[in-house]
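Chemist: mind looking at a prediction? Sequence and model below.
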Amino acid sequence: MQINPVGKLNGTVTVPGDKSISHRSIMFGALAKGTTHISGFLNGADCLSTAQIFKHMGVQMHFENPTTLTLEGLGLHGLKAPDTILDVGNSGTTMRLLSGILAGQAFSSTLTGDASIQTRPMNRIIEPLKSMGANIASKANNGLAPLIIQPSQLHGITYHSKVASAQVKSCILLATLYADQASTIIEPSLSRNHSELMLKSLGADIHTQNTQVTIKPNPYLEATSIDIPGDISSAAYFLVAGLILPDSDIILKNVGINPTRDGIIKVLKQMNGSIEYLSEQTLNEERRADIRVRSSQLIGTTISGDIIPTLIDEIPAIAVAACFAEGQTHIKDAQELKVKESNRIDTMVTELKKMGANIEATEDGMIIEGTKQLSGAELESYHDHRIAMSLTIAALAASTPSKLNASQCIDISYPSFFEDINLLV
């Protein structure tokens with residue numbers, strides 16, 4: 001796809017529903033008793049993989065339109081044995097959270113995914129699940145998908161997680177619903193807390209304190225209506241574009257501003273970005289607001305420590321912003337970027353260098369000297385949706401046209417991405 005530079009972006013856009021919450025709305029709704037009404041659902045490939053898997057386990061759902069659906073929950077023990085291998089597609093969230101649910105079922109199951117998923121580390125969930133008594137194994141005995149899960153009696157544990165990962169934490173929380181006693185998970189720093197908030201809203205006995213969360217087993221989960229805010233990870237690209245393109249003024253409607261996810265807002269403000277919240281409110285325990293972003297003279301900064309888990313998916317977009325900032329930006333403690341859909345440290349450094357960026361990879365992040373200008377180039381997406389969208393924003397701000405290969409991977413999380421850009425041009 002050819003991407004031409006634009007002078008500015010102005011107007012209002014509504015980004016798709018939050019990907020993390022959309023996954024959980026299907027999963028947790030299926031485990032609740034009664035009818036769950038879901039609005040703002042992300043109708044992207046990853047979330048549709050989750051929906052399809054639960055259909056294979058007997059969950060009935062009806063889409064009124066692409067973002068609104070009704071789901072009939074079967075309760076904790078109502079899922080049916082699937083008659084097929086369960087395919088998560090490209091979704092690491094589905095693979096890891098679903099493993100926790102399946103570990104507690106009275107039937108056997110096999111989980112697989114696409115070529116990318118089959119390279120992503122699964123020992124981080126296999127190990128805690130095994131310590132709970134789960135019968136789970138990597139089919140090739142290499143810590144990777146496919147995973148084979150068989151019935152077992154689960155026990156509660158206290159688990160000190162090596163990484164701040166909402167997927168690991170959520171996997172253990174979901175498995176504990178089927179255990180004989182409570183579990184406590186302690187993280188090195190706080191990861192996103194959508195699971196805790198949604199489980200609480202459905203009636204689970206769950207308590208959090210700092211980086212520690214404890215959940216009791218066998219709750220009665222009662223279905224409710226779930227209104228999903230816009231995904232701040234999808235908003236990130238427009239936040240960066242609005243800051244680096246001259247004379248831009250954008251309003252992003254109904255974006256989730258959960259404090260475990262708003263690191264990009266904090267960092268961009270730290271970089272002198274003009275960003276403000278309008279119309280703040282809280283629904284289903286999740287904070288949201290309209291966000292206004294305007295062109296700004298950015299300055300470099302250092303990003304490290306506890307803020308990293310709150311913006312891990314947005315670091316590729318932040319790297320683009322740093323190219324247009326005054327001075328140096330140093331991103332540290334972001335080793336987790338290496339095990340995403342691509343090695344996002346190496347891929348962003350490689351592609352932005354093609355455009356003339358002064359950027360170097362480090363063991364745990366990158367160092368960027370702002371040049372305030374980029375040139376067009378032929379760019380690779382590595383079939384990674386976040387790389388593709390970040391490079392698109394870089395290309396919009398470049399001095400000459402660019403070509404982005406394999407841009408269709410953006411459909412994983414933001415099918416209307418290019419349409420929304422065109423609304424603002």
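Modeler: Nice, thanks for sending it over. Residues are numbered from 1 along each chain as shown.
Chemist: residues touching residue 257, list them.
Modeler: Contact partners of residue 257, counting by C-beta atoms under 8 Å, 6 or more residues apart in numbering, are 232, 265, 277, 280, 287-289, 291. All C-beta atoms are positioned from the backbone trio N, CA, C, and that covers glycine.
Chemist: in ChimeraX, how would I select just the buried ones from those residues?
Modeler: In ChimeraX, a selection of the buried entries from the contacts of residue 257 looks like this (16 or more other C-beta atoms under 10 Å):
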select :232,265,287,288,289,291
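Chemist: ok, the contacts of residue 257 vs residue 304, which is closest?
Modeler: Nearest to residue 304 among the contacts of residue 257, counting by C-beta to C-beta, is residue 265 at 17.0 Å.
Chemist: so which of the contacts of residue 257 belong to helices?
Modeler: If you go by DSSP state H, the contacts of residue 257 have 232, 265 in helices.
Chemist: restricted to strands, list the contacts of residue 257.
Modeler: Mapping the contacts of residue 257 onto strands (DSSP state E) picks out 277, 280, 287-289, 291.
Chemist: report the two members of these separated by the largest distance.
Modeler: Largest separation among those by C-beta to C-beta: 287 and 291, giving 11.9 Å.
Chemist: ok, back up a step: may I see the ones in strands among the contacts of residue 257 organised as TSV, with distance to residue 67 and pLDDT added?
Modeler: Listed next are the ones in strands among the contacts of residue 257 as TSV, based on distance: C-beta to C-beta, whole Å; pLDDT from 0 to 100:
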residue	distance to residue 67	pLDDT
277	23	98
280	22	96
287	20	97
288	15	98
289	19	98
291	20	98
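Chemist: which of those residues sits closest to residue 4?
Modeler: Nearest to residue 4, judged by C-beta to C-beta, of the ones in strands among the contacts of residue 257 is residue 291 at 26.0 Å.
Chemist: how about the closest one, what does it touch?
Modeler: Contacts for residue 291 (C-beta under 8 Å, 6+ apart) come out as 235, 239, 251-252, 255, 257, 265, 275-278.
Chemist: show me what it is bridged to.
Modeler: Beta bridges link residue 291 to residue 252, residue 277 when assigned by DSSP bridges.
Chemist: quick one: it and residue 378, what's the gap?
Modeler: As defined by C-beta to C-beta, to the nearest Å, residue 291 lies at a distance of 33 Å from residue 378.
Chemist: from residue 287, how far off is residue 281?
Modeler: Remark: distance between residue 281 and residue 287 (C-beta to C-beta) = 8 Å.
Chemist: likewise for residue 167?
Modeler: Counting by C-beta to C-beta, the gap from residue 167 to residue 287 is 22 Å.
Chemist: give me the phi and psi for residue 296.
Modeler: For residue 296, the backbone dihedrals are phi -150, psi 150 (criterion: degrees, to the nearest 10).
Chemist: run a quick neighbour tally on it.
Modeler: 20 (other C-beta atoms under 10 Å).
Chemist: before we move on, back to that, can you add distance to residue 30 and give the contacts of residue 291 back as CSV?
Modeler: Output for those, formatted as CSV (distance: C-beta to C-beta, whole Å):
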residue, distance to residue 30
235, 28
239, 33
251, 35
252, 30
255, 27
257, 27
265, 32
275, 37
276, 38
277, 33
278, 35
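Chemist: for these, which one is nearest residue 311?
Modeler: Distance to residue 311 across the contacts of residue 291 (C-beta to C-beta) is lowest for residue 265, with 8.8 Å.
Chemist: tell me the two of the contacts of residue 257 that are most distant?
Modeler: Farthest pair in the contacts of residue 257, by C-beta to C-beta: 232 and 280, 13.7 Å.
Chemist: which strands and helices sit next to the helix or strand encompassing residue 235?
Modeler: In the assignment (DSSP states H and E), residue 235 maps to helix 232-244. Using 3 or more C-beta pairs under 8 Å, 6 or more residues apart in numbering; DSSP states H and E as the contact test, the elements touching helix 232-244 are strand 249-256, helix 263-270, strand 274-283, strand 286-294, helix 315-323, helix 385-396, helix 417-424.
Chemist: now do that helix against strand 286-294, angle only.
Modeler: Comparing the axes of helix 232-244 and strand 286-294 via axes from the mean of the first three to the mean of the last three C-alpha atoms, to 10 degrees yields an angle of 20 degrees.
Chemist: now helix 232-244: how far from the chain's centre is it?
Modeler: Centroid displacement of helix 232-244 relative to its chain, using C-alpha atoms, centre = their mean, to the nearest Å, is 15 Å.
Chemist: tell me the angle of that helix relative to helix 417-424?
Modeler: Helix 232-244 runs at 40 degrees relative to helix 417-424, counting by the same axes, to 10 degrees.
Chemist: quick one on the thing from earlier: which one of the helices and strands packed on helix 232-244 lies closest to residue 86?
Modeler: Distance to residue 86, taken as C-beta to C-beta, is lowest for helix 385-396 among these, at 21.8 Å.
Chemist: helix or strand next in line after the closest one, which one?
Modeler: Assigned by DSSP H and E, the successor of helix 385-396 is strand 402-405.
Chemist: quick one: strands adjacent to that next one?
Modeler: Sheet pairing of strand 402-405 (DSSP bridges) gives strand 2-3 (antiparallel), strand 378-380 (parallel).
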